[in-house]
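S.K.: Give the three-dimensional model of this entry:
(2 chains, ligands or ions: 1)
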Amino acid sequence: MTVPAAPGHPLTDAEVRRIRNDFPILGSNVGGQPLVYLDSGATSQNPISVMEAEQEYYEQRNAAVHRGAHTLAVDATEAFEAARSTIAALIGASTDELVWTSNATEALNLVAYSLSNASAGRGGEAARRFALGPGDTIVVTEMEHHANLVPWQELAARTGADLRFIPLDDDGALRLEEAASVIDSSTKVVAFTHVSNVLGIINPVAHIVALARAVGALTVLDACQSVPHLPVDVSQLGIDFMAFSGHKMLGPTGIGALYGRAELLADMPPVLTGGSMITTVTMENAGYLPPPARFEAGTQRISQAIGLAAAVNYLTETGMERIEAWEAELGVRLVQGLESLDGVTVLGPGAGTPRIGLAAFDVDGVHAHDVGQFLDSRGIAVRVGHHCAQPLHRRLGLTASTRASTYLYNTTDEVDAFLDAVSGVRTFFGAT
Amino acid sequence: MQSDVEQLYQQIILDHARRRVGFGLASSGSGASGSVGESHQLNPVCGDEITLRVVLQDGAVSGVGWEGAGCAISMASASVLAELVAEEDRDRVIELVDKFRELMRSRGAETAEDPALGDASAFSGVSRYPARVKCAMLAWVALEEAVLAANR
Ligand SMILES: Cc1ncc(COP(=O)(O)O)c(C=O)c1O
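M.R.: Sure, this is the predicted structure:
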């Protein structure tokens, strides 16, 4: 596979320096050393504009949305719905196709539980097509984050359906030739990740969607590591559902979203029920609002939604194509730099496969925890452990790895400082 | 002067992480007579894992062995422990576990070195890293459980 030239031209060093000024935390020191933040894959940092948007909301508009006639309530509702349009526009969805959730985990569970409710007969005739039972299969991949695995294990257990997976080859890439037999006429759902949070590689979405469509299965895309880092358009990808988290894309914690194709959401039964998602309620029964309100019971995360919209504005003003191109450069620098070090092995197919600025690696003879501790002593923040992907690590014969992940605000100097620090790890721990 | 990371990873710790005293469950000599206790401990955050077996004879440790995988802190801690408690009295072992736990809870407070802890005193630096205390404690928790199990 060759790396397609990204259509955007990468950010320049001067631009990245300017961007960094918008992120107060990036100027801080850790243990007397300047912070080198290489853990954006876990959670990203916030620009001032995001914090200001939340503060402004609390100072000037705080009120319950969709629930009052007073001016503040109207203002709050408008800002909340405008935020929805902003996020929907980012991914090429229409506004009604975007459901707020707490994070990607909740978004993925929302789909699984709605299908579960349909399988239990909820949602009437229209929801019958979402029902699963014995004889049906749900397909995931061996590289999934636990958030896109465990909810499907649970759905299978509740409905009697079987869970299958598309295996990985020894390099960690999906065995596409096997996908064609794993996905068959029994398959009702295919859930897979766009970009692996461990390998950093971009999966061939179109190929898997085509296999799923050919058998009439629903597709669910975990876009946690793609929406923050590259242009993503749901209609271009042709997927049915897509989940992502705000805190990984410069936004606040506590907010994420589910995209669902309009004609599907329209027929799906709700998951959480209560206020703000109903039409007429009697002591016996309730009617439900159309989506997205049907899936948003209770008082919503208003300031977080508004903060996330500010984050999306920051990203689109910078340009998603340019962010993608910049991080592709950082990613190649990371992978090539790590691979040139003695005793260091990068997980996954390595440079040459389309990737974001993320690389997990193993240091021979040194446990990931110790690697992370050593890097921390140099002010460098990375992630250590299984990164919520135990089956993937097991497949690669590991229990844990160290992961560095970049974002638009990282510099090549930071990547080099990281590589320099990693080059000292084995000597320090006497692993020779 | 030692840097922070050198204070954490004392040479004694790095040496033990490589030497791994008592590695292998057979080191406990559990084939022989005596009451055997075993405990498996897992740190789900990082996947560190230890299985520790202890054999008590006439109320004293006649053998201790362990298996596991994890970071230098957890492996060294198991190694130090295996060296320290060999042939110790059961009550004395529990006392040492308590002393070590106390050391881990000290959050880096300057405490006088307890000679009873021997090489285990080298772990005092770990107490300043709350995220790593669990790593250091893993083998000791296993030891405590194994001794109680052997006693039953
Ligand atoms: C690929 C992937 N999927 C799902 C998640 C879960 O995201 P969250 O914890 O924000 O719900 C993450 C983040 O940890 C991720 O990287």
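S.K.: Confirm for me that residue A:243 is in contact with residue A:258.
M.R.: Yes - using Cβ atoms under 8 Å, residue A:243 is in contact with residue A:258, at 5.5 Å. Heads up, the C-betas are built off the backbone N, CA and C, glycines and all.
S.K.: okay, and for the chain, where does confidence drop off?
M.R.: I'll assume chain A. A:1-7 (pLDDT under 70).
S.K.: my bad, chain B
M.R.: If you take pLDDT under 70 as the line, chain B has these spans: B:1, B:30-32, B:110-111, B:152.
S.K.: Try it again at 90.
M.R.: Within chain B, the stretches with pLDDT under 90 are B:1-4, B:6-7, B:25-34, B:43-48, B:87, B:106-116, B:118-119, B:130-131, B:151-152.
S.K.: Strands of that one, residue ranges please.
M.R.: Under the criterion DSSP state E, chain B carries strands at the ranges B:35-43, B:48-57, B:60-69.
S.K.: swap in the stretch 201-350 of chain A?
M.R.: A:218-222, A:241-245, A:256-260, A:278-281, A:286-288, A:344-346 (DSSP state E, counting those that start in this stretch).
S.K.: Turn these into a markdown table, columns for mean neighbour count and distance to chain B.
M.R.: Below are the strands of the stretch 201-350 of chain A laid out as a markdown table (neighbours: other Cβ atoms under 10 Å in any protein chain shown; distance: least, Cβ to the nearest Cβ, whole Å):
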| stretch | mean neighbour count | distance to chain B |
| --- | --- | --- |
| strand A:218-222 | 27 | 22 |
| strand A:241-245 | 29 | 20 |
| strand A:256-260 | 28 | 23 |
| strand A:278-281 | 12 | 40 |
| strand A:286-288 | 13 | 38 |
| strand A:344-346 | 20 | 17 |
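S.K.: In JSON lines: those strands, plus distance to residue B:36.
M.R.: What follows is the strands of the stretch 201-350 of chain A, written out as JSON lines (distance: least, Cβ to Cβ, whole Å):
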{"stretch": "strand A:218-222", "distance to residue B:36": "46"}
{"stretch": "strand A:241-245", "distance to residue B:36": "48"}
{"stretch": "strand A:256-260", "distance to residue B:36": "50"}
{"stretch": "strand A:278-281", "distance to residue B:36": "62"}
{"stretch": "strand A:286-288", "distance to residue B:36": "61"}
{"stretch": "strand A:344-346", "distance to residue B:36": "39"}
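S.K.: got a markdown table for those, with distance to the ligand too?
M.R.: Below are the strands of the stretch 201-350 of chain A laid out as a markdown table (distance: least, Cβ to the nearest ligand atom, whole Å):
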| stretch | distance to the ligand |
| --- | --- |
| strand A:218-222 | 5 |
| strand A:241-245 | 3 |
| strand A:256-260 | 6 |
| strand A:278-281 | 27 |
| strand A:286-288 | 25 |
| strand A:344-346 | 18 |
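S.K.: Could you name every residue contacting both of residue A:243 and residue A:258?
M.R.: Residues touching both residue A:243 and residue A:258 (Cβ atoms under 8 Å, 6 or more residues apart in numbering or on different chains): A:101, A:107-108, A:111.
S.K.: residue contacts, residue A:410?
M.R.: A:16, A:37-38, A:40, A:330, A:357 are the contacts of residue A:410 under Cβ under 8 Å, 6+ apart.
S.K.: er, residue A:190 I mean
M.R.: Contacts of residue A:190 by Cβ under 8 Å, 6+ apart are A:138-140, A:183, A:208, A:211-212, A:217-220.
S.K.: And for residue A:238?
M.R.: Contacts for residue A:238 (Cβ under 8 Å, 6+ apart) come out as A:205-206, A:209, A:213, A:219.
S.K.: what's near enough to touch the residue lying closest to residue A:169 once chain neighbours are set aside?
M.R.: Nearest residue to residue A:169 in three dimensions, chain neighbours excluded: residue A:175, at 5.3 Å (Cβ to Cβ, 6 or more residues apart in numbering or on different chains). Contacts here follow Cβ under 8 Å, 6+ apart; on that basis residue A:175 touches A:166-169.
S.K.: Distance check, residue A:175 against chain B.
M.R.: 25 Å (Cβ to the nearest Cβ, to the nearest Å).
S.K.: How about residue A:133?
M.R.: Distance from residue A:133 to chain B, by Cβ to the nearest Cβ: 33 Å.
S.K.: Checking that residue next. Helix, strand or coil?
M.R.: Counting by DSSP: H, G, I helix; E, B strand; the rest coil, the backbone at residue A:133 sits in coil.
S.K.: Report the contact partners of it.
M.R.: Each residue near residue A:133 by Cβ under 8 Å, 6+ apart is listed here: A:119, A:159-161.
S.K.: mind running it again at 6 Å?
M.R.: A:159-160 (Cβ atoms under 6 Å, 6 or more residues apart in numbering or on different chains).
S.K.: With residue A:151 instead?
M.R.: Taking Cβ under 6 Å, 6+ apart, we find residue A:151 in contact with A:108-109, A:112.
S.K.: Of those, which is the most crowded?
M.R.: Within those, residue A:108 tops the neighbour count with 29 neighbours, counted by other Cβ atoms under 10 Å in any protein chain shown.
S.K.: Any part of the helix or strand hosting it near the ligand?
M.R.: Here residue A:108 sits within helix A:104-119, counting by DSSP states H and E. Yes - against the ligand, helix A:104-119 shows contacts by Cβ under 6 Å from any ligand atom at A:104-105.
S.K.: Then stretch A:183-197?
M.R.: Yes - using Cβ under 6 Å from any ligand atom, stretch A:183-197 reaches the ligand at A:193, A:197.
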